[in-house]
Each structure stands twice: as C-alpha cells, then as structure tokens.
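1. Predicted model, plus sequence, below.
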Amino acid sequence: MNVAGLRTLPSPYSVQETIDRLTNLLRSKGIKIFARIDQAAEAQAAGLSMRPTELLIFGDPKTGTPLMNEYPSLAVDLPLKALAWEAADSKVYLSFNSAEYLIERHHLAGEPFKPLEALFARATE
C-alpha cells in the first residue's frame, strides 16, 4: 500500500490485539485515548460487511494545544489517528500519518511527532 504521507507497518497480531498493544503503549506515556472505533462492527450494524478495521484517536492536549496555537492548520490532523486493518490476504497492518508528512504539511519546526513512530513500531513487533 503506497499512500502519500502514510506509513504502514505489518503486524503479527490481530487488529484488536494491535490496537490493544498501541493503546497500552500510549497510555504508559501519558497519552490520552479519545476514541476507539471498530469500523467493521459499525459496518455490520449497518447491514454491511468489512474486514476487521479499528481506528484509534489519541493525543496529548498539553503538547498538542501549544502546537495548534502556533500552527492552526495542524488542528485538522490532531488528535492523531492510527488504523489497524486486515487485508484481503488476512495480513494485519497498522497505518498512520508519518511524522515527516505532518511536519511538511504544516511547516512545523522540529519533529514533535517523531517519538510516536517508535511506539507504533513497538506495537507491531
């Protein structure tokens, strides 16, 4: 899968386990979980089918608020999101906006999101 600005990591875990692992890692760093959306369950509730897919919405208001004050357009991408999904071949992936993409898109100084990429990698190892 090649989508501009999106990083996708393979996960040896199920979609649910991948999001569980990421949730635990984020919480261990004091990062707030705003929502967890089981998109496959929502599809099923609407009478449709979808492979397992879960979206996690998370962030740290103490970090994000000053950034949004300085770079107002960043609010379109905050809180951050991570998507665990199962492909047609039953392999599971974790996708998220890359730190480089967010930096370039919003002309940010520094690399405020780079440390999160290590957590995404840990969730899938």
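-> Okay, I see it. Numbers count the residues shown, from 1 in each chain.
2. quick one: the residue positioned nearest the centre of the chain and Thr53, what's the gap?
-> Geometric centre of the chain, nearest residue: Ala82, 1.4 Å, by Cα atoms, centre = their mean. Here the distance between Ala82 and Thr53 works out to 12 Å (Cβ to Cβ, to the nearest Å). Heads up, the C-betas are built off the backbone N, CA and C, glycines and all.
3. max-length helix in the protein?
-> Using DSSP state H, we find that the single longest helix of the chain is helix 15-28.
4. buried set for that helix?
-> Judged by neighbour count using 16 or more other Cβ atoms under 10 Å, the buried positions of helix 15-28 are 15, 18-23, 25-26.
5. Give me the angle between the helix or strand just after it and helix 15-28.
-> Under the assignment DSSP states H and E, the closest C-terminal helix or strand after helix 15-28 is strand 32-38. Regarding strand 32-38 and helix 15-28, their directions subtend 170 degrees when assessed with axes from the mean of the first three to the mean of the last three Cα atoms, to 10 degrees.
6. Identify each buried residue in strand 32-38, please.
-> Those buried within strand 32-38 under the rule 16+ other Cβ under 10 Å are Asp38.
7. Report the rounded mean pLDDT for that strand.
-> Over the span of strand 32-38, the pLDDT mean works out to 99.
8. which residues touch the helix or strand encompassing Asn69?
-> Element membership of Asn69, judged by DSSP H and E, is helix 61-70. By Cβ atoms under 8 Å, 6 or more residues apart in numbering, the list of residues contacting helix 61-70 from outside reads 32, 74-75, 78-79, 108, 112.
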